[in-house]
Structures are given as C-alpha cells and as structure tokens.
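J.: Fold the following for me, if possible:
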Amino acid sequence: MDNEFYTFTQYMKSDYNILSASGEDYLEMIYRLSLERGFTRGNELAAALNVQPPSVTRMLKKLDSLGYIDYEKYSIVRLKKKGVTIGKFLLDRHETLENFLKMINVSKTLEEAEKIEHTLNDETIWGIKCLSKYFNDNPDLKKDFTNKYILNKKNQT
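T.: This is a model prediction of the structure:
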C-alpha cells in the first residue's frame with residue numbers, strides 16, 4: 001500500500017509558492033492600499049499590517065528584488081505589472097474565503113481567512129468560489145442550507 005500522507009510542512013514545500021505567507025500578505029495589502037492612488041507608502045503598509053517599519057523595509061526590498069514592486073527607501077511603493085496581477089489574485093482569494101466563511105456562519109471571518117488562505121491551492125479556491133456563487137444565485141437553497149445545517153446545532157455530527 002502506497003503511503004501518500006505527509007506532514008503539513010511537507011505539503012507546504014512547493015515550487016508554486018515563491019512568496020512566503022507573509023510576502024503574500026504584504027503584496028495583497030500593497031495592492032489594496034494602491035487601488036485608489038496607484039501607490040502606497042511604507043508607513044501606511046506598517047499601520048495596515050500592524051508591523052514595525054524595519055519589517056516593512058525588509059519585505060519591500062525582497063518584493064522589489066523579485067520584480068513585484070518598485071521601491072526606493074523613504075519613497076512611494078508602486079506595483080509592477082506582475083505585482084498587480086498577483087495582488088489582484090491574492091485579494092480575490094482572500095475575499096472568496098472571507099465571504100464563504102461568512103456564508104457558513106464563522107464568527108471570526110478575517111482571522112480564519114488569514115489562517116487558511118495561504119494553504120489552499122487554486123483548484124480548491126475555485127471550488128469554494130463556485131459553491132459560494134451557487135448559493136448566492138439560489139437564495140432559497142442558501143436559506144434552507146443555513147437553517148437546516150448551520151443554525152440547527154442538533155444536526156451536528
């Protein structure tokens with residue numbers, strides 16, 4: 001019998017994940033903060049992510065070296081085309097998960113989405129997105145599901 005089980009760490013080792021979870025969080029937030037003006041600043045990023053400025057500087061240098069952003073110390077941060085593409089994907093992934101978690105009545109949706117968003121592959125995110133869209137397009141089914149399974153604790157197994 002082939003054993004296909006690994007530890008969590010082994011599953012997370014992948015050529016697919018060039019950025020660390022932290023790097024993804026930074027890139028997603030840069031994208032969010034840049035939506036209105038087309039740029040952001042390091043101090044805005046530090047405040048949005050609740051991190052210290054030296055941490056921001058280190059990550060901005062890394063994201064710049066990987067070709068996601070244009071960054072000069074004490075200046076503005078602009079996303080390059082590659083950064084916009086990935087940032088948009090990361091924000092969509094986050095919003096997909098957060099909306100799904102709200103749909104299934106999870107109380108701490110932001111926290112839970114942050115915990116799981118870096119561990120799911122594109123196929124899983126796509127499935128969650130499709131299921132969410134299906135329920136949103138069929139409000140009677142969504143209501144029935146919510147009443148029957150989510151709100152009715154007796155049905156928990």
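
J.: Identify the single longest helix in this structure, thanks.
T.: Scanning the chain for the longest helix, with DSSP state H as the assignment, gives helix 81-103.

J.: C-terminal to it, which secondary structure element comes first?
T.: helix 109-116 (DSSP states H and E).

J.: Show me what counts as buried in that following helix.
T.: Buried residues in helix 109-116, counted by 16 or more other Cβ atoms under 10 Å: Thr109, Ala113. Where you see a C-beta, it was placed from the backbone N, CA and C, and this is true even at glycine.

J.: Give the rounded mean pLDDT of the helix or strand just after it.
T.: Remark: after helix 109-116, the chain's next helix or strand is helix 122-137, criterion DSSP H and E. Across helix 122-137, pLDDT averages out at 96.

J.: Helix 122-137 packs against which elements?
T.: helix 81-103, helix 139-145 (3 or more Cβ pairs under 8 Å, 6 or more residues apart in numbering; DSSP states H and E).

J.: so of those helices, which one's packed in deepest?
T.: Greatest average neighbour count among those goes to helix 81-103 (a mean of 18), per mean count of other Cβ atoms under 10 Å.

J.: Which strands or helices does it pack on?
T.: Using 3+ Cβ pairs under 8 Å, 6+ apart: helix 81-103 touches helix 21-37, helix 109-116, helix 122-137.

J.: got JSON lines for these, with distance to Val56 too?
T.: JSON lines is the format used below for the helices and strands packed on helix 81-103 (distance: least, Cβ to Cβ, whole Å):
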{"stretch": "helix 21-37", "distance to Val56": "8"}
{"stretch": "helix 109-116", "distance to Val56": "18"}
{"stretch": "helix 122-137", "distance to Val56": "27"}
